[in-house]
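Novice: predicted structure and sequence below. I'll ask about it afterward.
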Amino acid sequence: MAENKNEKQFSRRDFLKTTGVATGGIIGGSLLGGLIGFNLDGGKSDAPTVGGGDSGEGGGQSAESLPIKDARTYFSRQDDFKNLAAAADIIYPEDDNGPGATELGVPYFIDRQMYGHYGHNATDYRFGPFEPMRSDTHGRQERITRGEMMIIGLRKLTDVSQESHDKKFHELEEKQMIDILKQFEAGEVETPGMRSEAFFELLRSLVIEGVYSDPAYGGNRDMAGWKMIGYPGPRMGWEHDIMSEEFLELEPESLRDYQGGGVTYG
């Protein structure tokens, strides 16, 4: 697909600014950065990538041979997971500042979140009335759980792409994916049990959380998300650094760094 050279000159900062991450947008900036060829089937060299042609339900390595961080726990269908990875890379693409969502492990972060309490709304108020419409004071009003929202939304992505382009969502060109996600963002897609914009808002939030959360939760691989913004990670204390007269650039540390005795300073 031919690309506009001017769009490629945008930085990640421009992307975050133009998409309105704080308010929930995808307009414009997501054109930068193409989908990366990340292996979603556990590292098998001939396995399909995000935009690959093989979209079968099987394939790849067995769960036993996969690294734990690459083992899916919630999304059982390959097409659902490939749609998730493709959409995540549109929302947070690779650029000159660093890797995109898939390389950062964001799809696996979302998979874990949907499998756990958050995805099952285990700690939410779960009694009616249910009104799947926007509420400025009462938050999300759908009866279905976040995990169900993700499954329905990801499969609806393919329904729309099949109708418009006779292809599954993850098989589309980048611009076509962007156009479909914009339809969801604008609430133009009829989606059972929820508003399409509610699905997009949930997906966008989870992608950003996966990029910048602690690697212990499955995303932000190698703390690359933190390195891009200069965040040093959680620290037990700053007593050795707080009196420094120089600006300190510290290598980030994860929660995992505190296991088995913690981090030493000095």
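Specialist: Arrived safely, thanks for sending.

Novice: and the host helix or strand of residue 200, what's buried?
Specialist: Using DSSP states H and E, residue 200 sits in helix 196-212. Buried residues in helix 196-212, counted by 16 or more other CB atoms under 10 Å: 196-204, 206-212. To be clear about C-beta, it is placed using only N, CA and C from the backbone, and glycine gets the same treatment.

Novice: closest to residue 146 out of those residues?
Specialist: residue 202 (6.2 Å; CB to CB).

Novice: on that earlier part again, farthest-separated two in the buried residues of helix 196-212?
Specialist: Greatest spatial distance in the buried residues of helix 196-212: 196 and 212, 25.3 Å, computed using CB to CB.

Novice: coming back round to it: closest one to residue 71 out of the buried residues of helix 196-212, please.
Specialist: For the buried residues of helix 196-212, the nearest to residue 71 is residue 210 (16.0 Å; CB to CB).

Novice: who touches the closest one in this structure?
Specialist: 88, 101, 104-107, 109-110, 217-220 (CB atoms under 8 Å, 6 or more residues apart in numbering).

Novice: so of those residues, which ones are in helices?
Specialist: Per DSSP state H, helices hold the following members of these: 88, 106-107, 109-110.

Novice: spatially, which two of these are the most separated?
Specialist: Largest separation among the ones in helices among the contacts of residue 210 by CB to CB: 88 and 109, giving 9.4 Å.

Novice: more neighbours: which of those two?
Specialist: residue 88 (28 against 25; other CB atoms under 10 Å).

Novice: who's in contact with that one?
Specialist: The contact partners of residue 88, taken as CB under 8 Å, 6+ apart, are 100-102, 106-107, 110, 203, 207, 210.
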